[in-house]
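Trainee: Okay, structure incoming, though there's no sequence with it:
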């Protein structure tokens, strides 16, 4: 999802939005006003240029060179022209619509307080915006599962249960299209869909990364009345891979479930390795990739972390002797980290243009979408020392603030749940893991260890 799509998120279909059912903190009318700032600025810009044109049309003197400026100012028509420009400039300056001013970062972020706020917004995102199988599609629900894993609830009929168990157990949902294949299970790709799988292996990739550990590869999966496991989705993905395809989510799953040096045969008989997929993804154009390249980077980071773990390196620590696809991926990742920090805005948010160039917006939903996606990648990519640096603390603080400000308005589900997943991973690594939150949905009580997730048994995610 690009910047334009985030900016349009307030106008998408009913099922694309994650509706609020409870209010967290004060009412944030300001967040709604910010969504209309672009149109106000456009109107001001139009007025500005109209003023210039009006000024030129009334001029009876040529636009004077600087030495003759004093003489020109004596000309009444020129004065009218300059006054028009000044008025237009003042109007443009007055249409900031409450957007954040350029300010210096505070000297420090109160970590315990930040962790408590993260707990609060995560609980609200999970429980205060509950999705319903009759309203929302698989695209929205799977993004919720990405953020919270087995703890993410869904309403279906008169019941509330874990969305993951509901889907994998054979539950029906618009856009959840799986069918038996050879040699495994095919997840149907529906390009451009707002409810179904929009990219190859997107469901598999998010299942492998959901919560803080992903789900085990031997997790049962019910398709067409027959019993399978998540391993059948993976074997089909390995069999179907081909040169030049978008393998972003495929790489997430390969990194989670296979050794870094895995080798296999594809449908056409060619030999593939995880490194070959890494090289293919590293060679792709990052800036034109979905969501500013955030997902492609997430897959690359997952793979490089797995490779580093196999060599005894800690998360975020890149081995010095990398070559081939691994070296290309590491270079791409490091460049993206440098860009994210360099383009970070004064309020702590990341650029609305993600890793490509600097930029901000008065549209809080565009900022939330971009910051959440970039933050999610960085939390996975940085080592412990860099993750604890002030710039990341300020980014976390700003992301929490935006979720607080939009707590009582509808938010596009992709932006919402990628932000939540990044915060959950951040909290797991930096905050006290002993705090838990619970949700009582009536007859069933689901316990959520914030910053924790499903068992890591059977999953090789690093």
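Mentor: Noted; the coordinates are in hand. Because the structure is a prediction, the values reported are computed rather than measured. Residues are numbered from 1 along each chain as shown.
Trainee: where do the helices sit along the stretch 151-300 of the chain?
Mentor: When secondary structure is read from DSSP state H, counting those that start in this stretch, the stretch 151-300 of the chain shows helices at 163-168, 202-209, 230-240, 248-257, 274-283, 294-310.
Trainee: Need the ones you listed in JSON lines (columns: mean pLDDT).
Mentor: Conversion of the helices of the stretch 151-300 of the chain to JSON lines gives the following (pLDDT from 0 to 100):
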{"stretch": "helix 163-168", "mean pLDDT": "98"}
{"stretch": "helix 202-209", "mean pLDDT": "98"}
{"stretch": "helix 230-240", "mean pLDDT": "98"}
{"stretch": "helix 248-257", "mean pLDDT": "98"}
{"stretch": "helix 274-283", "mean pLDDT": "98"}
{"stretch": "helix 294-310", "mean pLDDT": "96"}
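Trainee: okay if I get these as JSON lines plus distance to residue 181?
Mentor: Every C-beta, even on glycine, is put in place using the N, C-alpha and C of the backbone. As requested, the helices of the stretch 151-300 of the chain are exported to JSON lines (distance: least, Cβ to Cβ, whole Å):
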{"stretch": "helix 163-168", "distance to residue 181": "17"}
{"stretch": "helix 202-209", "distance to residue 181": "13"}
{"stretch": "helix 230-240", "distance to residue 181": "5"}
{"stretch": "helix 248-257", "distance to residue 181": "15"}
{"stretch": "helix 274-283", "distance to residue 181": "20"}
{"stretch": "helix 294-310", "distance to residue 181": "22"}
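Trainee: quick one: which of those is nearest residue 391?
Mentor: Closest to residue 391 of those, according to Cβ to Cβ: helix 294-310, at 17.6 Å.
Trainee: Which neighbouring elements make contact with the helix or strand just after the closest one?
Mentor: As assigned by DSSP states H and E, the chain's next helix or strand after helix 294-310 is helix 324-342. In terms of contacts (3 or more Cβ pairs under 8 Å, 6 or more residues apart in numbering; DSSP states H and E), helix 324-342 is packed against helix 274-283, helix 294-310, helix 364-381.
Trainee: Kindly calculate the angle that helix 324-342 makes with helix 248-257.
Mentor: For helix 324-342 against helix 248-257, the angle by axes from the mean of the first three to the mean of the last three Cα atoms, to 10 degrees is 110 degrees.
Trainee: Mind checking the pLDDT average for helix 324-342?
Mentor: Here helix 324-342 scores 97 as its mean pLDDT.
Trainee: Mind listing residues that contact that helix?
Mentor: Contacts made with helix 324-342 from outside it, assessed by Cβ atoms under 8 Å, 6 or more residues apart in numbering, are listed as 275-283, 286, 293, 297, 300-301, 303-304, 307, 318, 322, 350-351, 354-356, 358, 374, 377-378, 381-382, 391.
Trainee: Of the residues you listed, grab the buried ones for PyMOL.
Mentor: This is how PyMOL selects the buried members of the contacts of helix 324-342, with burial counted by 16 or more other Cβ atoms under 10 Å:
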select buried, resi 275+276+277+278+279+280+281+282+286+293+297+300+301+303+304+307+318+322+350+351+354+355+356+374+377+378+381+382
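Trainee: how far away is the residue nearest the centre of the chain from residue 232?
Mentor: Averaging the C-alpha coordinates of the chain gives a centre point, and the residue nearest to it by Cα atoms, centre = their mean is residue 373 (2.6 Å). Applying Cβ to Cβ, to the nearest Å, one obtains 30 Å for the distance of residue 373 from residue 232.
Trainee: and if you look at residue 137?
Mentor: From residue 137 over to residue 232 the distance is 23 Å, taken as Cβ to Cβ.
Trainee: in the stretch 51-200 of the chain, which spans are strands?
Mentor: Assigned strands in the stretch 51-200 of the chain, in chain order: 131-132, 153-156, 159-162, 178-180, 185-187 (criterion: DSSP state E, counting those that start in this stretch).
Trainee: Go through stretch 386-396 and flag the buried ones.
Mentor: 387, 392-396.
Trainee: now do stretch 185-201
Mentor: Applying a neighbour-count criterion of 16+ other Cβ under 10 Å, the buried positions in stretch 185-201 are 185-187, 189-190, 193-201.
Trainee: so where's this structure shaky on pLDDT?
Mentor: In the prediction, the chain carries residues with pLDDT under 70 at positions 1-16, 20-107, 315-317, 432-462.
Trainee: Correct me if wrong: residue 185 contacts residue 237.
Mentor: No. Using Cβ atoms under 8 Å, residue 185 and residue 237 do not qualify as a contacting pair, with a distance of 9.6 Å.
Trainee: list the residues that contact both of those two?
Mentor: Shared contacts of residue 185 and residue 237, counting by Cβ under 8 Å, 6+ apart, come down to nothing at all.
Trainee: Now do the same contact list for the residue nearest to the centre of the chain.
Mentor: With contacts defined as Cβ under 8 Å, 6+ apart, the neighbours of residue 373 are 291-292, 294-295, 354, 415, 418-419, 422.
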